[in-house]
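Asker: need a structure here:
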Amino acid sequence: MSDENMEIVQRHFESWQRDDFEAWLSSIDPDVEWLTAIERGLGRAGNVFHGHDGMRELWRLWRTEVDDFWVESNEIRDLGDERVLNLGHIQFRGRASGIMVESQLALVITLRDGRIVRSEDYLSHAEALKAVGLQE
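Answerer: Prediction:
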């Protein structure tokens, strides 16, 4: 099951890279909870997107509110307990501000029955590793 979950996350990431919304959404459970990191990094409480409607909003925000958007996945780890850790990087330019942001990005993804039911994003690999009880 762990290899299958890592493959699901890899395909999910690849569909984001291809700008294939339908394929991306198909790997997400209708009751998903997605906690984004950018807002936490800006000192806000964080933003939580719920369900497929929330995923549509998340997609729209990242596809329309920023320029020069780029994200890469460097490593996917099986954490057991239906969880996967995706370590990578993100870069984008704020459309309104023009400010370029580059950061590590890590997603702790929980799957159930082959679909993503929760993702919590981090802007630090070390923070994500600590959150799942691992150290570099």
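Asker: can you give me the neighbour number for G51?
Answerer: Residues lying near G51 (other C-beta atoms under 10 Å) number 15. For every residue, glycine as well, the C-beta is placed using N, CA and C.
Asker: just V84 next, same as before
Answerer: 24.
Asker: for E14, same thing?
Answerer: E14: 13 neighbours (other C-beta under 10 Å).
Asker: per-residue pLDDT, it?
Answerer: Note on E14: pLDDT of 92.
Asker: can you list contacts of the helix or strand where it lies?
Answerer: According to DSSP states H and E, E14 maps onto helix 2-17. With contact meaning C-beta atoms under 8 Å, 6 or more residues apart in numbering, helix 2-17 is reached by 21, 23-24, 27-28, 71, 73, 76-78, 80, 82, 84, 86, 109, 111, 114-116.
Asker: now stretch 102-121
Answerer: 4-5, 8-9, 12, 27-29, 31-38, 41, 71, 79, 82-91, 122-125, 127-129, 131-132.
Asker: phi, psi for the nearest residue to V71 once chain neighbours are set aside please.
Answerer: Leaving out its chain neighbours, the residue that sits closest to V71 by C-beta to C-beta, 6 or more residues apart in numbering is I90, at 4.8 Å. I90 has phi and psi values of phi -140, psi 150 when expressed as degrees, to the nearest 10.
Asker: what pairs with I90 across the strands?
Answerer: V71, S103 (DSSP bridges).
Asker: would you write a ChimeraX line that selects the buried entries of the contacts of stretch 102-121?
Answerer: This is the ChimeraX syntax for the buried subset of the contacts of stretch 102-121, where burial follows 16 or more other C-beta atoms under 10 Å:
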select :5,8,9,12,27,28,29,32,33,34,35,36,37,38,79,82,83,84,85,86,87,88,90,122,123,125,128,129,132
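Asker: okay, how far is it across stretch 123-134, tip to tip?
Answerer: With C-alpha to C-alpha, to the nearest Å as the measure, stretch 123-134 spans 16 Å from end to end.
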